[in-house]
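Enquirer: give me coordinates for this.
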Amino acid sequence: MYDPAEKGFDEALRAIDRAQLVLARELSHSAGSRLVLKGGMAMRCAVGSMRLTKDIDFDRSPGMTRAALKGQINSALKSAAALTGLRSPKVDITKDTDTTCRARLAGVLASGKSVRFEVEVSGRSEPDWPHVMQQTVSPPARYTMAPFVVQVYGPQMLAAIKIFAAMSANRNAPRDLLDLYDLLGTGANPAQILSALSLDELQVIAQEALGKLTLSTFELAQQELLPFIAPAHRAQLDVSRWETMTLEVAQAVGQWAEQAVGLKQKATQAQAQVQALEPAAVQASAPRDGHV
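Expert: Residues are numbered from 1 along each chain as shown. Have a look, this model is predicted:
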């Protein structure tokens, strides 16, 4: 894992990154089998993304109690504050429902600069365990943290999640486009996962991907995304490059949706063939001449 200090990030983002990694380590130790890392930190841990993340997100098993979850998050955030050297740290639970727990850590660095970030744990549904992998995380040496193991979604699932997010009517986040571009570079192909959607849903993705992704303009990326990208990589992004990335990602998303349609049709045909053979199989096994 690269060191943000060596990439030119300011001290606030470096402190947040370190605190988030401490949090991920602490939660992986206390509730690792029931939590799955996703979002920007998952991209950083599993794919080597150069993007730092504003917040950190997990999925959890619904069987984990709210009380246990809140206690573990509170303890992990306090450890993150202590090991990052935050002064006057404050931990707040900002949302506590049956499906979502969200907490915020805020504090002050020795320089006087304020830092804050949130952690959200979602329990809306059971994590997609077949697409979860164990990932060894090796933090930057400057963080003085030993490697640790965390559960994280694999590239195929991360790509599917990013497509769902990017196509949401109430969301327009340039980080989704960048993450999909990075996942495309790894060879990720979420077609099998997407094939669980209906044909209508897949058609919408194939037809509307370009129009939806172009809403994440370079101007919006400058405001919301570029501050979390290393300065050297940031300098390589301009309007022309961003538009090229948008087209490449939209084309890939459309192709993945079309492949998913093909997989869905093959599955339907195979099921129809099995059903067609069932009457013949029943006939063949039926008693003849009254003898069993």
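Enquirer: now the closest residue in space to residue 32 that isn't next to it in sequence: phi and psi?
Expert: In space, and not counting its chain neighbours, residue 32 is closest to residue 151: 5.9 Å by Cβ to Cβ, 6 or more residues apart in numbering. Where C-beta positions appear, they are placed from N, C-alpha and C, glycine not excepted. Torsion angles at residue 151 (phi, psi; degrees, to the nearest 10) stand at phi -80, psi 130.
Enquirer: residue 151 contacts residue 133, doesn't it?
Expert: Yes: the pair residue 151 and residue 133 qualifies as a contact (Cβ atoms under 8 Å) at a distance of 7.5 Å.
Enquirer: okay, these two: which has more neighbours?
Expert: residue 151 (22 against 13; other Cβ atoms under 10 Å).
Enquirer: local confidence estimate at that one?
Expert: Looking at residue 151, its pLDDT reads 97.
Enquirer: residues contacting it?
Expert: 28, 32, 33, 35, 36, 37, 132, 133, 134, 135 (Cβ atoms under 8 Å, 6 or more residues apart in numbering).
Enquirer: could you dump these into a markdown table and include pLDDT?
Expert: Formatted as a markdown table, the contacts of residue 151 follow (pLDDT from 0 to 100):
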| residue | pLDDT |
| --- | --- |
| 28 | 94 |
| 32 | 78 |
| 33 | 87 |
| 35 | 96 |
| 36 | 97 |
| 37 | 97 |
| 132 | 97 |
| 133 | 96 |
| 134 | 96 |
| 135 | 96 |
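Enquirer: so which of the residues you listed sit within helices?
Expert: Using DSSP state H, residue 28 are the members of the contacts of residue 151 that sit in helices.
Enquirer: quick one: which of the contacts of residue 151 is nearest to residue 52?
Expert: The nearest member of the contacts of residue 151 to residue 52, counting by Cβ to Cβ, is residue 37 at 14.9 Å.
Enquirer: just give me the neighbour total for that closest one.
Expert: 26.
Enquirer: hey, what's the closest residue in space to it that isn't next to it in sequence bridged with?
Expert: Sequence neighbours aside, residue 152 is the residue nearest to residue 37 in space, at 4.3 Å (criterion: Cβ to Cβ, 6+ apart). With DSSP bridges as the criterion, residue 152 is bridged to residue 37, residue 133.
Enquirer: I'd guessed residue 152 sits against residue 40; true?
Expert: No: if you go by Cβ under 8 Å, residue 152 and residue 40 don't touch, sitting 11.7 Å apart.
Enquirer: in terms of packing, which of these two has more residues around it?
Expert: Between residue 152 and residue 40, residue 152 has the larger neighbour count (other Cβ under 10 Å), namely 29 against 21.
Enquirer: okay, now the unreliable bits of the stretch 151-292 of the chain?
Expert: Per-residue confidence of the stretch 151-292 of the chain (counting by pLDDT under 70) places the weak regions at 279-292.
Enquirer: what segments of it are helices?
Expert: Assigned by DSSP state H, counting those that start in this stretch, the stretch 151-292 of the chain shows helices spanning 155-166, 174-186, 191-194, 199-213, 218-224, 231-234, 239-285.
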